[in-house]
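In: here is my input, please return the structure:
(chains A and B)
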Amino acid sequence: MSTIERMLPVQNGLPWQRYLLDSVLAFVGAMLVTAIIYFFHLYPRIPNVSIVYLLVVLALASIRGRYASILASLVAFLSFDYFLVPPLYVFTINRIEEWIALFVFLVTAILTSQLAVELRERANQAQRREHETHILYDLLRLTNREGEPGCQLHTVTQAVVDVFSSWGVQDCAILLPDSAGNLRVQASAYQPVEQVMLSAEEQTLAAWVMSHGRTMSLYDETSLSVSASTYTEQRAPVQHGAKERAIRQSLRLIPLKLGQKVVGVLRLRVLDQPRSLPYEEGQPEEHERADARTAFFWTFLDEVTTLVERSRLQRENLRIAVLQRIDAMRMALLSSVSHDLRTPLTSIKAAASSLLQSDVQWDEETRRGFAQTIEQEADRLNRLVSNLLDMSRIEEGALKPEKELYSLKTLIYDVLARMEPVLKGRELRTCLPDDLLLVELDYVQMDQVLTNLIENAVRYTPAGTPVEVSARVRGEEAMLSIADRGPGVPTADLERIFDKFYRVQASNGQRRSSTPTGTGLGLAVSRGIVEAHGGRIWAEERESGGLVVFVVLPVREREEIAQ
Amino acid sequence: MTMHTIEQIPQLPVPAKRSWQYYLLDSLLGVVGSLIVTAIIYFYRLYPTIPDIAIVYLLVIFPLASIRGRYAALVASVVAFLSFDFFLVPPYYSFTIARPAEWLALVVFLVTALITSQLTIVTRQSREQAWLREREARILYEAGRVITGTDNLDEQLDAIALSLVRVFSCWGVRACALLLPDEKGVLRVRADAPISVDSFTLTPYEMVAAQEALEQRQMREVHNAVSSSRNALSRLIPLRSGNQVLGVLCLRIEDGVSWFASPQQMQDELEQPTDQATFFWTFLDQAILVIERSRLRAPTVADKQ
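Out: Below you'll find the model as predicted:
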């Protein structure tokens, strides 16, 4: 916020100091030239020496303005006559030619100085316009930098204070209607929004400003005398404490209008300088002095209004986009869960029904097969429910691993043994060194992580392709990896596959696999559990095709463990 | 977004090329203005009746300095000096001057005329400079408004491309395309300008240069074989945001202004930027900011969940 320029301080007419300085400069400048001509006897030796006065006159016209240059012309005219034109030391002139010469000098000096003043004013005007446009551009640039609509509003309030601080603006807040239509402070320049308390009176007046589209001032009674008569009908007293009253400031509530629609209210805390800040657009007294300053103030407010409305629309769009995503996720969850529930249930039901058929005599092996199917599918259901429950615990921050020292190798073999039916028909390659350390982990939770990863490796790869499980200790970390030779995951999706419900889309927009899909929770839950253990999990593409998922867990030093 | 919206963005002023016609007009105005004053003084015999009558020349020199500039004011001052000497200072009709005081008077006049006209020129230049800065700030502001008027990235890219061609056409930019990498890192044309029936197609050379600009994060330049102009080139500029390159801007330039058309000068400008270069890079920074914001928007939506 430091880069926005400020408006120059208001100058309510030229102050007397400025006139005094102009007078001194004009007088001293002209008299200096007269003195030089006088002491060096340049006149009448050089007949047109009076032209040298023009250097002073034009310099004053360019630097100080009209008053100084005209005064210098007059002083030059009179001093030349008094000190240099015979008869000396009187204002009378004997020869008519001398009169004409002096008159020509005066007219030329005034004309050229006015041309210079005109030029200077145009240059000043161009500089002012440049300054103002720069301020508007800075406002746009600064708000563009902020991604969050809330931050954009905060930037706008700070910009208002920064730009108009020289006009007495000390604080700024933006009030926007909430869903119930009540005005709420959405941003404040210097205070956190929660700390900005509006009195009942302010609330009422802000609501009035919002509905009527007119500016209101809440003034301190002690400063009423300054210009109460001007805006009596639109001013109302506000109660301040004794300390505040001494500061002499007022609150100004300005409607933020977009065409005829009022989108919010700008609340300005202004030092009580009634003429410093334009009061209301279209006020007759403002028209009388409808200068560029007033026009810029309203242009700036128009820009603020546009930004406030844009911010509101962005927030609305963001809300809609979030709702759409949530809706899509809910649908995905419903579809996945119903599919994942239905499939094992159907298998269990079929196996159980077959077992219960009294008219069929099943041999021992077939009966055993049915029982295994029931067990496997029940396990699958169990994993699904565990993942759902764990996901909600992870999101609530309630997942706390109960860590104890376990052998990583034992854990891996246990999981592989349990998943033997799932891995049926696959070549399982393991690389587990004998010296694998004991690792502090929650056995049940890490079991679930390994199960999810191996299940994914099987689920999303063609039948018959190998699954590789390896582990090693690297420094103070134990690294575990599960690799497959499936289709892999596009680079852009490698990070996102750990988001809940995220599924990799094929390039044609379809889901990547036609095989039964999961809920999109396995990897998300795995990441939650691993991170709760203080570890990391990520995926990489394999050079010769396939995907490898790495899990890294911290390993404590042997000494630490011993202690 | 309509073309009408884009047309609200002001254009950069065409750099003034001082042709011989311009200097001829300045010379004529300077000579004629001063000679008219000399004629009036001569026919009404105002000199030496009014000793400081030469001051009236300033009423010609001064407006010429403020409206036409240094050259016209200089011509007028010199012509005034010489014509005053030739027609009005004895001996007449020669450039010799009998009295040293007359010499001194003429020199004082000439020096004063030159100093005052110089003063005027400085003020005039300051006004022109402020006007140009104002125009540049206005362009940035209006372009920013148009580009951020929508949240849709494609519309924003279209607005950037169209406004680039509109604003920098006076620097020789005839067409442009914004190329952003797709999921596989391959550059694709996402927006182009001006609007035409045929889609914007990069030549193989341009495509290679664009890919190089993306990978090496440096500007590339290729001769534009598509154009019939001999001074046609394509400039490929990486759109950098910090250490990241978001895409590549392809500008097709014909008869461009020198700094914009020359790779060496453009490189020099990067190291020691002038006002022109600063304005161009600021404009581009705004475009980059918008693209970056739109790209960041998707994860924000995800985070909000």
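
In: where along the stretch 51-200 of chain A do the strands fall?
Out: In order along the chain, the stretch 51-200 of chain A carries the following strands (DSSP state E, counting those that start in this stretch): A:169-177, A:183-188.

In: can you list these in TSV and add distance to chain B, mean neighbour count and mean pLDDT?
Out: Bear in mind the C-beta positions are built from the backbone N, C-alpha and C, glycine included. As requested, these are arranged in TSV below (distance: least, CB to the nearest CB, whole Å; neighbours: other CB atoms under 10 Å in any protein chain shown; pLDDT from 0 to 100):
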stretch	distance to chain B	mean neighbour count	mean pLDDT
strand A:169-177	19	22	89
strand A:183-188	17	21	88
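
In: what are the contacting residues of stretch B:55-71?
Out: Residues outside stretch B:55-71 that contact it (CB atoms under 8 Å, 6 or more residues apart in numbering or on different chains) are A:48, A:50-51, A:54, A:104-105, A:108, A:111-112, A:115-116, A:119, B:23, B:25-27, B:29-30, B:33-34, B:36-37, B:41, B:72-73, B:76-77, B:80, B:84, B:109, B:112-113, B:116-118, B:120-121, B:123-124.

In: now, of these, which are buried?
Out: In terms of neighbour count (16 or more other CB atoms under 10 Å in any protein chain shown), the buried residues within the contacts of stretch B:55-71 are A:48, A:50-51, A:54, A:104-105, A:108, A:111-112, A:115-116, A:119, B:26, B:29-30, B:33-34, B:37, B:41, B:72-73, B:76-77, B:80, B:84, B:109, B:112-113, B:116-117, B:120-121, B:123-124.

In: export the strands of the stretch 51-200 of chain A as JSON lines, with columns for distance to residue A:454.
Out: Compiled in JSON lines, the strands of the stretch 51-200 of chain A are given as follows (distance: least, CB to CB, whole Å):
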{"stretch": "strand A:169-177", "distance to residue A:454": "52"}
{"stretch": "strand A:183-188", "distance to residue A:454": "50"}
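
In: where are the low-confidence patches of the stretch 101-250 of chain B?
Out: When residues are selected by pLDDT under 70, those of the stretch 101-250 of chain B lie in B:225-230, B:242.

In: again, 80 this time
Out: Counting by pLDDT under 80, the stretch 101-250 of chain B has low-confidence residues at B:148-152, B:183-185, B:196-200, B:224-231, B:241-244.

In: what does it put close to chain A?
Out: By the rule CB under 8 Å from any CB of the partner chain, the part of the stretch 101-250 of chain B lying against chain A is B:101, B:104-105, B:108-109, B:112, B:115-116, B:119-120, B:123-124, B:126-128, B:130-131, B:133-134, B:137-138, B:140-141, B:144-145, B:148, B:151, B:183-184.

In: so the residue in the stretch 151-300 of chain B that chain A sits nearest to, which state does it fall into?
Out: Checking the stretch 151-300 of chain B residue by residue against chain A with CB to the nearest CB singles out residue B:183 as nearest, at 4.8 Å. Under the three-state scheme (DSSP: H, G, I helix; E, B strand; the rest coil), residue B:183 adopts coil.

In: pretty sure it contacts residue A:490?
Out: Yes - with contact defined as CB atoms under 8 Å, residue B:183 counts as touching residue A:490 (6.3 Å).

In: of these two, which one has the most company?
Out: It is residue A:490, of residue B:183 and residue A:490, that has more neighbours when counted by other CB atoms under 10 Å in any protein chain shown, with 17 against 10.

In: how about that one, what does it touch?
Out: Neighbouring residues of residue A:490 by CB under 8 Å, 6+ apart: A:504, B:183-184.

In: what about the helices in the stretch 451-563 of chain A?
Out: A:522-532, A:558-562 (DSSP state H, counting those that start in this stretch).

In: for those helices, which has the smallest mean pLDDT value?
Out: The stretch with the lowest mean pLDDT among those is helix A:558-562, which comes in at a mean of 55.

In: how about the helices in the stretch 151-300 of chain B?
Out: Assigned by DSSP H, counting those that start in this stretch, the stretch 151-300 of chain B shows helices spanning B:153-168, B:204-216, B:258-261, B:263-271, B:275-304.

In: can you tell me which of the ones you listed is packed in deepest?
Out: Neighbour counts averaged per stretch over the helices of the stretch 151-300 of chain B are highest for helix B:153-168, at a mean of 22; criterion: mean count of other CB atoms under 10 Å in any protein chain shown.

In: residues of the stretch 51-200 of chain A that sit close to chain B?
Out: So far as CB under 8 Å from any CB goes, the stretch 51-200 of chain A lies against chain B at A:51-52, A:54-55, A:58-59, A:62, A:97, A:100-101, A:104-105, A:108, A:111-112, A:115-116, A:119-120, A:122-123, A:126-127, A:129-130, A:133-134, A:136-137, A:140-141, A:144-145, A:147-148.

In: hmm, I was thinking of the stretch 451-563 of chain A
Out: If contacts are counted using CB under 8 Å from any CB, the residues of the stretch 451-563 of chain A sitting beside chain B are A:490-492, A:499.

In: so how far is residue B:168 from residue B:256?
Out: Here residue B:256 is placed at a distance of 9 Å from residue B:168 (CB to CB, to the nearest Å).

In: how about residue A:551?
Out: The separation that residue A:551 has from residue B:168, given CB to CB, amounts to 53 Å.
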